[in-house]
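# Output the structure for:
(one chain, ligands or ions: 1)
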Amino acid sequence: MRDTLVRRMFEDIAFSYDFQNSALSLGIDIWWRKVLVGLLEPTSGLVLDAATGTGEVALAIRRRRPRLTVIGLDFSPAMLAVAAAKSARKHVSGYHLGVADCRDVPLAGASVEAVTMAFGIRNIAERVAVMSEFHRVLKPGGQMHIMEFGLPRNGLAAALYRFYFDRILPPVGNFLSRTDYAYSYLVESVDAFPRDRDFLAQMAEAGFGQCRVTDLTFGVARIFTGRKL
Ligand SMILES: C[S@@+](CC[C@H](N)C(=O)[O-])C[C@H]1O[C@@H](n2cnc3c(N)ncnc32)[C@H](O)[C@@H]1O
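Numbering: from 1, shown residues only. Below you'll find the model as predicted:
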């Protein structure tokens, strides 16, 4: 899907994005984000949450690591408006939002301790260019953690999930998001996402070392971690 269409899609579904997420993952996404935050090494300083969306990762960081300041960037003003309203409602400080494309991060080189990105990279064709930007803004020694959907590798979990993914998720997700395409696109984009070893190779191409993947819930979600050496 082209970038303008991806942006329009998130503008369209922002109003109930959090509800769609929790309903369709049965709340497991909350635990996934907790694991992601648990991987963060720094306890103070600046963290970039790229494709921050409605702010779920950033707010989890602020809750669990209150000495970390989070900059949340996203190219969808509607998603950011939900994040801003939520953080105002919850009186969250230390979370700064900006409209920006991940391909051109408006931060100085070597300015952040860590980069997080949840469920964003799948939507971007120029993955190496985006991760090179993350590499540029990271301080030496800093880590990038990218969480993305995957498919269980084998066995019963793979068969059951495939059924859910093909038959249940698209119609229910499209209904909840009041679109006729958003969750059909989700399935297509997860299927089209590179295999682990290919994505790990793209991370290395962007300059990262110590690249590894952590499976969550049989591999339904995965966290790819790399370090700027
Ligand atoms: C599936 S949502 C994930 C939001 C949030 N990280 C979460 O965990 O719920 C993907 C987000 O990526 C953003 N996005 C996609 N492509 C982007 C790009 N090139 N630059 C900035 N944001 C982008 C979308 O606007 C959307 O808010």
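
# which bits of this structure sit near the ligand?
Contact residues, the chain versus the ligand (CB under 6 Å from any ligand atom): 6, 10, 51-54, 56-57, 74-76, 79, 101-103, 118-120, 123-124. From N, CA and C alone the C-beta is placed, and that goes for glycine too.

# Apply 8 Å and report the result again.
3, 6-7, 10, 14, 17-18, 21, 29, 33, 49-57, 73-76, 79-80, 100-103, 117-120, 123-124, 130, 147 (CB under 8 Å from any ligand atom).

# now those: which count as buried?
6-7, 10, 14, 17-18, 21, 29, 33, 49-57, 73-76, 79-80, 100-102, 117-120, 123-124, 130, 147 (16 or more other CB atoms under 10 Å).

# Out of the residues of the chain next to the ligand, list just those in helices.
Taking DSSP state H, the ones among the residues of the chain next to the ligand that sit in helices are 3, 6-7, 10, 17-18, 21, 29, 33, 56-57, 79-80, 130.

# okay, the residues you listed in a markdown table with pLDDT next?
Formatted as a markdown table, these follow (pLDDT from 0 to 100):
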| residue | pLDDT |
| --- | --- |
| 3 | 83 |
| 6 | 90 |
| 7 | 92 |
| 10 | 94 |
| 17 | 93 |
| 18 | 93 |
| 21 | 88 |
| 29 | 94 |
| 33 | 96 |
| 56 | 97 |
| 57 | 98 |
| 79 | 97 |
| 80 | 98 |
| 130 | 98 |
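
# Could you tell me the end-to-end distance of stretch 100-110?
18 Å (CA to CA, to the nearest Å).

# and the gap between the residue in the chain positioned nearest to the ligand and residue 167?
Here the chain gets closest to the ligand at one residue, residue 53, 2.4 Å apart by CB to the nearest ligand atom. According to CB to CB, to the nearest Å, residue 53 stands 26 Å off from residue 167.

# The longest strand seen in the chain pairs with which strands, parallel or anti?
If you go by DSSP state E, the chain has its longest strand at strand 138-149. With DSSP bridges as the test, strand 138-149 is paired with strand 112-118 (parallel), strand 221-227 (antiparallel).
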